[in-house]
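Asks: Give me a model of this one.
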Amino acid sequence: MLLLLMAAAACIGLLILQLGLQQVFAVAPKLQTPPDAALPSTSLSVVIPAYNEAANIGACLSAVLSSESPCSSWEVLVVDDDSSDATTELALRTADEQGASAAEVHLVQAGPRPDGERWVGKNWACTRAMEQVSSSWVLFIDADVRLKPDALRRALAQAIDEEADLLSLAPRLVCGCLAEWMVQPIMASLLGLGFPIVAANDPASSVAFAAGPFMLFRRRTYVAIGGHRALAAEVVEDLALARRIKAEGYRLRYLLGVDAVDLRMYADLPSLWEGWTKNWFLGLDRDPLRALGAAAVVVLMFSTPWLLAPAAVVLRLVLPEPAGLWSALLALALLAIVQQLVLRLWNRHRFAVPLTHWWLMGAGGLLVGAIGPVSVWRTLTGRGWTWKGRQLA
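Replies: Below is the predicted model:
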């Protein structure tokens, strides 16, 4: 009976997830395509903080420099955050190869972090970049982002039109390695369901949310809230910045930008493990029960059906009675597996995410189930809590 209840719970959970995603994305505001018009007479700085991003910086910078001009004056700042690989050399080479771009490219050396101060993530690199920025608008993107040619023009035009102080775009998650195909579609679905997208865009609500890979600020507002310098020790700085924007009465716009921004977060299993164990607990507001419970629910919905289906067959052969119970268990397990396929088909239709390795979602659920408790442990103890090898505690 317990196995039957677990299978039924998995079906119900997947149904809630599917219906919730459809409801959220039916009302989610999107990045618009503005009509052809004269470029806005303003200025923009695109800041790309980079730490050991030799594998990404070339393609990221090339995409930015291939962009349609977003305004009358714009520039790009690549900030090397004391990398030990060829990030600097590759950035310079790419800038030379894209010499025909309308944007000026500047390489900024962030240098060592101040003694006696705690700086984590990209906060130091972004702060150092802002010491050289004087434009009206500033966009922070990550090195693992790939912009479509019209992304900058569309985002800036909409930010100006909607009088935004911070415009952030939710990107399309791109998968490459096997570990990503196992985990990222599950994470994308959970994030999609958890989007407080209506409340985040409601000035009357205190709810705030933003996606760190693409954050476009009105510079004077960024300075007024203290910027990254005021959040030097904040690991989830994108959420903290969004909350400051709202708390101080500024205008936040959080939009779907899946047709304008691609994001491939992790190159392999070790980096995926390090990244999600860094973020899972923090993303659930440092609540151990929520973090562990969410991980358990993922295992129930995505992994349990793949375990129960063969178990039902074996039990039917070993224990012929009660045959009806085992048949019902098999039917529910198979229904949950079909629901997982339907979920991936919906993602393919909505976001052009291929069905690649969809049948590994059961294994992906187990991996997420392990990420939950490890993230709680690492964050609370500081042991192994790192990002790209740098200690966060």
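Asks: Please count neighbours and contacts with C-alpha atoms only from this point.
Replies: Noted.
Asks: Mean pLDDT per helix and strand in this structure: which one sits at the bottom?
Replies: With mean pLDDT, DSSP states H and E as the measure, the helix or strand of the chain carrying the lowest mean pLDDT is helix 197-200 (a mean of 88).
Asks: Going by neighbour count, which residues of that one are buried?
Replies: I197, V198, A200 (16 or more other CA atoms under 10 Å).
Asks: Skipping adjacent residues, who's closest to the first one in space?
Replies: If you skip the residues right next to it in sequence, I197 has A28 as its closest partner in space, 6.3 Å away by CA to CA, 6 or more residues apart in numbering.
Asks: isn't there a helix covering D96?
Replies: Yes. Per DSSP: H, G, I helix; E, B strand; the rest coil, D96 lies within a helix segment.
Asks: do you know how far it is from P149?
Replies: Distance, D96 to P149, by CA to CA, to the nearest Å: 19 Å.
Asks: neighbour count winner among those two?
Replies: Using other CA atoms under 10 Å as the criterion, D96 and P149 rank with P149 on top: 18 against 12.
Asks: Which residues are in contact with that one?
Replies: Remark: with contacts taken as CA atoms under 8 Å, 6 or more residues apart in numbering, P149 is in contact with A63, V64, S66, S67, E68, A260.
Asks: now P49
Replies: Residues near P49 by CA under 8 Å, 6+ apart: V78, V79, D80, D81, K122, A125, C126, F140, I141, D142, A143.
Asks: change it to 6 Å
Replies: P49 makes contacts with V79, A125, as judged by CA atoms under 6 Å, 6 or more residues apart in numbering.
Asks: Need the mean per-residue confidence for the helix or strand it falls within.
Replies: Per DSSP states H and E, P49 falls inside strand 43-50. Averaged over strand 43-50, pLDDT sits at 98.
Asks: Output it as CSV, nothing but the C-alphas.
Replies: Extracted as CSV, the C-alpha positions of strand 43-50 are listed here (Å, rounded to 0.1, in the frame of the first residue of the first chain):
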residue,chain,number,x,y,z
SER,A,43,25.1,55.2,-23.1
LEU,A,44,25.6,51.6,-22.0
SER,A,45,28.5,49.7,-20.4
VAL,A,46,28.4,45.9,-20.6
VAL,A,47,30.4,44.4,-17.8
ILE,A,48,31.6,40.7,-18.0
PRO,A,49,33.3,39.6,-14.7
ALA,A,50,35.5,36.6,-15.4
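Asks: now that strand, how far from the chain's geometric center?
Replies: Relative to the centre of its chain, strand 43-50 is centred 19 Å away, using CA atoms, centre = their mean, to the nearest Å.
Asks: Strand partners (parallel or antiparallel) of it?
Replies: Using DSSP bridges, the strands paired with strand 43-50 are strand 73-80 (parallel), strand 137-141 (parallel).
Asks: Tabulate those in a markdown table, adding columns for distance to G275 and mean neighbour count.
Replies: Below are these laid out as a markdown table (distance: least, CA to CA, whole Å; neighbours: other CA atoms under 10 Å):
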| stretch | distance to G275 | mean neighbour count |
| --- | --- | --- |
| strand 73-80 | 20 | 22 |
| strand 137-141 | 17 | 23 |
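Asks: So for P305, which of those sits nearest?
Replies: Closest of the strands paired with strand 43-50 to P305 is strand 137-141, at 38.5 Å (criterion: CA to CA).
Asks: residues making contact with the closest one?
Replies: Taking CA under 6 Å, 6+ apart as the rule, strand 137-141 contacts L44, S45, V46, V47, I48, P213, F214, M215, L216, F217, R218, R219.
Asks: Wait, the fourth one touches L77, no?
Replies: Going back to what we said before, that points to V47. Yes. Shown here, V47 and L77 form a contact pair, counting by CA atoms under 6 Å, at 4.8 Å.
Asks: Any buried residues in the helix or strand containing Q23, and which?
Replies: Here Q23 sits within helix 2-27, counting by DSSP H and E. By 16+ other CA under 10 Å, the buried positions in helix 2-27 come out as 3-4, 6-11, 13-15, 17-18, 20-22, 24-25.
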